[in-house]
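J.: Sequence first, then the predicted structure, then my questions.
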Amino acid sequence: GAVVSQHPSWVICKSGTSVKIECRSLDFQATTMFWYRQFPKQSLMLMATSNEGSKATYEQGVEKDKFLINHASLTLSTLTVTSAHPEDSSFYICSAQTRLKPNTGELFFGEGSRLTVL
Amino acid sequence: GENVEQHPSTLSVQEGDSAVIKCTYSDSASNYFPWYKQELGKGPQLIIDIRSNVGEKKDQRIAVTLNKTAKHFSLHITETQPEDSAVYFCAASGVKAAGNKLTFGGGTRVLVKP
């Protein structure tokens, strides 16, 4: 149980285009999902916190107009990288907190989505 | 905010030996400390976690210790095997009703040599 699926697992796009990444909790409802960015050989950096039915909360330095987050249901959050540029190339990872254990701290991570912008 | 430091950044051990990774955190309000294993091109996988009301936890070859006073926690892997080779991340969070923001350490690249 507690599986988080990301799609696509990898994507290549041209500079200036927009890319959408989906994060789904397959067998549980997620009240909160988190989006991270990971550059090569670096740690995971939190980009934003996504709560179902409300606006996402972005970390300092993350452009909310560039990284659009939508958490339309308890099982789906999407990250859209708008007008992508080569410097946006990175590994994007989501994690989800189950509705059943909101205060345990336990998060379930997706497999990540590698974005390459040409 | 929370700051998590992790050492060493790389660790090479002979198969069968033990590996130890250490982390320190800054926020005394943090009370949840998970450890993740990340293989190349994949998302992090939780391998063990510990809460602030416990000093030590063990799961087969993996153990974690927590010293709240000193604000540090460690991962111990015994009898290492080649499949233990990966990047390991420690993390810390303070559980809050609105969600749990994890702060990650910088990661340790572990290489187990056969």
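T.: Received it, and whenever you're ready, just let me know what you need. Numbers count the residues shown, from 1 in each chain, chains lettered A, B, ... in the order given.

J.: Angles on the backbone of A:Pro86, please.
T.: phi -50, psi -30 (degrees, to the nearest 10).

J.: number of nearby residues for the residue nearest to it when sequence neighbours are not counted?
T.: Distances taken as Cβ to Cβ, 6 or more residues apart in numbering or on different chains put A:Val117 closest to A:Pro86, at 4.9 Å, once the chain neighbours are dropped. For every residue, glycine as well, the C-beta is placed using N, CA and C. A:Val117 has 20 neighbours, counted by other Cβ atoms under 10 Å in any protein chain shown.

J.: Spit out the contact partners of A:Val117.
T.: Residues counted as contacts of A:Val117 (Cβ atoms under 8 Å, 6 or more residues apart in numbering or on different chains) are A:Ile12, A:Cys13, A:Lys14, A:Ser15, A:Ala84, A:His85, A:Pro86, A:Glu87, A:Asp88, A:Ser89.

J.: okay if I get the residues you listed as JSON lines plus neighbour count?
T.: Output for the contacts of A:Val117, formatted as JSON lines (neighbours: other Cβ atoms under 10 Å in any protein chain shown):
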{"residue": "A:Ile12", "neighbour count": "12"}
{"residue": "A:Cys13", "neighbour count": "16"}
{"residue": "A:Lys14", "neighbour count": "8"}
{"residue": "A:Ser15", "neighbour count": "12"}
{"residue": "A:Ala84", "neighbour count": "22"}
{"residue": "A:His85", "neighbour count": "11"}
{"residue": "A:Pro86", "neighbour count": "9"}
{"residue": "A:Glu87", "neighbour count": "9"}
{"residue": "A:Asp88", "neighbour count": "19"}
{"residue": "A:Ser89", "neighbour count": "17"}
